[in-house]
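Undergrad: here are the coordinates; sequence isn't available:
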């Protein structure tokens, strides 16, 4: 849907937890212009029930390195500790 919207010339905003995305999906987004691309990150408290495994970390890393994300969002006290090596320390948290 994102690619179709882009091809049709629409402005694009994405709000996602990354659940269900793959590194191949990220590669399709690298060259697109987003008005907003917000990633809701898993908190250390586990409120979101997002499974933080190697696959999730690979998708997150691909987005971070590709410059796609415009904002990081975490609604807990801190982000899940496994994300620290990937994320820049300057993200919006609330």
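TA: That came in fine, so what should we check first? These numbers come from a predicted model, not from an experiment.
Undergrad: Give me the pLDDT for residue 61.
TA: pLDDT recorded at residue 61 is 91.
Undergrad: What is the burial count for it?
TA: Using other CB atoms under 10 Å, the number of residues around residue 61 comes to 16. Any C-beta I mention is one placed from the backbone N, CA and C, and that applies to glycine too.
Undergrad: Pull the contacting residues for it.
TA: By CB atoms under 8 Å, 6 or more residues apart in numbering, residue 61 lies in contact with residue 86.
Undergrad: now it, what's its secondary structure?
TA: When classified by DSSP: H, G, I helix; E, B strand; the rest coil, residue 61 comes out as helix.
Undergrad: Number the chain from 528, please
TA: Done: numbering now begins at 528, and the last item shifts to residue 588.
Undergrad: Quick one: the strands in the chain, in order.
TA: Taking DSSP state E as the test, the strands found in the chain are 540-543, 563-567, 598-600.
Undergrad: for the last one, packing partners?
TA: Spelled out, it's strand 598-600. Strand 598-600 makes packing contacts with strand 563-567 when contacts are defined by 3 or more CB pairs under 8 Å, 6 or more residues apart in numbering; DSSP states H and E.
Undergrad: How far away from the center of its chain is the strand it packs on?
TA: On the basis of CA atoms, centre = their mean, to the nearest Å, strand 563-567 is displaced by 6 Å from the centre of the chain it belongs to.
Undergrad: hang on, the earlier thing: need the winner for burial among the strands of the chain.
TA: Mean neighbour counts were compared across the strands of the chain using mean count of other CB atoms under 10 Å; the top stretch is strand 563-567, at a mean of 18.
Undergrad: Any regions of this structure where pLDDT drops low?
TA: 615-621 (pLDDT under 70).
Undergrad: any chance you could map the helices in it?
TA: 529-534, 550-556, 581-593 (DSSP state H).
Undergrad: now the ones you listed as CSV including distance to residue 566?
TA: Shown next, in CSV, are those (distance: least, CB to CB, whole Å):
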stretch, distance to residue 566
helix 529-534, 14
helix 550-556, 11
helix 581-593, 7
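Undergrad: Need the winner for burial among these.
TA: Greatest burial across the helices of the chain, using mean count of other CB under 10 Å, falls to helix 581-593, with a mean of 17.
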